[in-house]
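[1] Sequence isn't available, so here's the structure alone:
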């Protein structure tokens, strides 16, 4: 056996050992990460007029309407110490992660909630995205204390409120007669996609960018005031009220 | 025939209802007695006026007239029983009964209430959405009058008051946040600081506009709203 062959053999042996150890470490880390995440899953019966109140700390909340008289909650927690204690009756499901985990670092908790179509939805988070899909009820409210996007799609509700600081807001739904619709952001983009034949009074304000695109609604009875920083408009009979404010961002309307 | 008998028969004589022998005796006496003759003439003249005069000479209500005459005569006969006319009392004009006073107070209360209702109805604070559309020129006459009298705040005064209230709330929540933020993780701290920076940027932007143009109500509304956002951000994170 020559010196070269001995050296070569040892190098190959070291490489094998390194690869083997890497694989072991990788699987070990993966297994540890998987076990660190905890899942919460519960299903509750729902009455005829049910309400969901969910206040998250950090993380996303997705709410989706379904054709069942029950509420299904699935939460994925980064920290196993996070406490989720829903309070439930036939008329109300309430989850308050801020109150239940006060003063504790629980990391992100991501919720996916399925509710009957006619559920009143009131969701909040301090940081994270919110989305509500396919809900037809009296109220849909989504509030983000700081940053995150709000997405409301296929919504039929008489009262809709969406508010965040940094992030986009997208609404795709109907404007009900005599309804109240309020969208407010500090920056980002607010986009509203509503039926072309909607009837509402509009106050849209974008004081910093003056970027208010009415799209197919620009032919209505509109009036730009305050050097173009605000648009006042009336469409149809004007029975509903739509107020959109984006202090540093833009506003856009799309007809459908 | 003497004078008394003649006087008793004069009236019947003038009516031609006296029998001839008695009438002849009356005529004889009147011829020789001037007093009875004068009485007879008086009676005759009265009868002439009564029978020949127009009806409108008579008073419209003779019975009432006679009553009044009768009362006057009776008063003249009994002067001691006549009541003296009441003397005017000093300050009588200002004396009211309880009912009159109550009615007056009720009237004043109703008028002042109606005036207040009208004033309040004509002076309603603008909706937040309408606030920026209004300018100093759009203020109602009542707004201006109340503002000059110092009974209502001007838009600038309202703004300053609200800013002061916001600042007090912000100071309170900020103190709480400072005690809590050490417990936050890096992600929460970064997100909070990022949001606060953007809010402060907006505050300075709208404040500068207002310094240039204090009557820009839309910027005033936005500044108010941004400070509200800041207060909410601090309050929400103070719970973490």
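    That came in fine, so what should we check first? Everything numeric in this text was worked out from a predicted model, so none of it was measured. Numbers count the residues shown, from 1 in each chain, chains lettered A, B, ... in the order given.
[2] Give me the number of neighbouring residues for the residue of chain B found nearest chain A.
    Chain A sits closest to residue B:236 of chain B, with a gap of 3.8 Å, by CB to the nearest CB. C-beta: built from backbone N, CA, C; applies to glycine. The tally of other residues near residue B:236 (other CB atoms under 10 Å in any protein chain shown) stands at 22.
[3] which residues does it contact?
    Contact analysis of residue B:236 by CB atoms under 8 Å, 6 or more residues apart in numbering or on different chains lists A:126, A:145, A:146.
[4] Show me how far the strand or helix carrying residue B:99 is from its chain's centre.
    Counting by DSSP states H and E, the element that carries residue B:99 is helix B:98-122. Centre-to-centre, helix B:98-122 and its host chain are 8 Å apart (CA atoms, centre = their mean, to the nearest Å).
[5] Where does pLDDT dip in chain B?
    Across chain B, the ranges flagged by pLDDT under 70 are B:50-64, B:67, B:77-94, B:119-141, B:144, B:148.
[6] Tell me where the stretch 51-200 of chain A has strands.
    Remark: strands assigned in the stretch 51-200 of chain A by DSSP state E, counting those that start in this stretch are A:51-58, A:61-66, A:70-77, A:87-88, A:92-96, A:109-116, A:120-127, A:130-144, A:150-163, A:169-185, A:189-194, A:200-205.
[7] Now render these as TSV, adding mean pLDDT and mean neighbour count.
    Below are those laid out as TSV (pLDDT from 0 to 100; neighbours: other CB atoms under 10 Å in any protein chain shown):
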stretch	mean pLDDT	mean neighbour count
strand A:51-58	95	23
strand A:61-66	96	21
strand A:70-77	94	19
strand A:87-88	92	14
strand A:92-96	95	19
strand A:109-116	96	22
strand A:120-127	96	24
strand A:130-144	96	22
strand A:150-163	97	21
strand A:169-185	96	20
strand A:189-194	96	21
strand A:200-205	96	24
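[8] Using TSV, please lay out these together with distance to residue B:189.
    Output for the strands of the stretch 51-200 of chain A, formatted as TSV (distance: least, CB to CB, whole Å):
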stretch	distance to residue B:189
strand A:51-58	12
strand A:61-66	22
strand A:70-77	21
strand A:87-88	30
strand A:92-96	22
strand A:109-116	18
strand A:120-127	11
strand A:130-144	17
strand A:150-163	22
strand A:169-185	22
strand A:189-194	26
strand A:200-205	31
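[9] what does the stretch 101-250 of chain A have sitting close to chain B?
    Contact residues (CB under 8 Å from any CB of the partner chain) of the stretch 101-250 of chain A with chain B: A:102-103, A:105, A:107, A:126-127, A:145-147, A:165-166, A:186-187, A:203, A:205, A:207-208, A:225-226, A:229-230, A:232, A:243, A:245, A:247-248.
[10] Quick check on those residues: which are buried?
    A:105, A:107, A:126-127, A:145-147, A:165-166, A:186-187, A:203, A:205, A:207-208, A:226, A:229-230, A:232, A:243, A:245, A:247-248 (16 or more other CB atoms under 10 Å in any protein chain shown).
[11] quick one: which helix or strand includes residue B:198?
    Per DSSP H and E: helix B:186-212 holds residue B:198.
[12] That helix near chain A anywhere?
    Yes - applying CB under 8 Å from any CB, one finds helix B:186-212 in contact with chain A at B:187, B:188, B:191, B:192, B:194, B:195, B:198, B:199, B:201, B:202, B:205, B:206.
[13] Which PyMOL command selects the buried ones in the residues you listed?
    To isolate the buried members of the residues of helix B:186-212 next to chain A in PyMOL, using 16+ other CB under 10 Å:
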select buried, chain B and resi 188+191+192+195+198+199+202+205+206
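[14] picking that back up, helices and strands around the helix holding residue B:198, which ones?
    strand A:120-127, helix B:217-238 (3 or more CB pairs under 8 Å, 6 or more residues apart in numbering or on different chains; DSSP states H and E).
[15] go again using 10 Å as the cut-off
    Packing partners of helix B:186-212 (3 or more CB pairs under 10 Å, 6 or more residues apart in numbering or on different chains; DSSP states H and E): strand A:51-58, strand A:120-127, helix B:155-180, helix B:217-238.
[16] Of all residues in chain A, which one is closest to chain B?
    Nearest to chain B, among the residues of chain A, is residue A:145, at 3.8 Å (CB to the nearest CB).
[17] Read off the pLDDT value for that residue.
    pLDDT recorded at residue A:145 is 95.
[18] Next up, the contacts around it.
    A:55, A:57-58, A:98, A:124-128, A:163-165, B:191-192, B:195, B:229, B:232-237, B:239-240 (CB atoms under 10 Å, 6 or more residues apart in numbering or on different chains).
[19] Ok, residue A:209 next?
    Residue A:209 neighbours (CB under 10 Å, 6+ apart): A:187, A:189, A:229, A:246, A:247, A:248, A:249, A:250, A:251.
[20] Now the third one. Its backbone dihedrals?
    It stands for residue A:229. Phi and psi for residue A:229, reported as degrees, to the nearest 10, are phi -80, psi -20.
[21] That one touches residue A:212, doesn't it?
    Yes - counting by CB atoms under 10 Å, residue A:212 is a contact partner of residue A:229 at 8.5 Å.
[22] before we move on, the earlier item: how near is the residue of chain B closest to chain A to residue A:188?
    18 Å (CB to CB, to the nearest Å).
[23] Are we agreed that residue A:254 is in a strand?
    Yes - checked against DSSP: H, G, I helix; E, B strand; the rest coil, residue A:254 lies within a strand.
[24] If anything else comes up later, I'll come back, but that's it for now.
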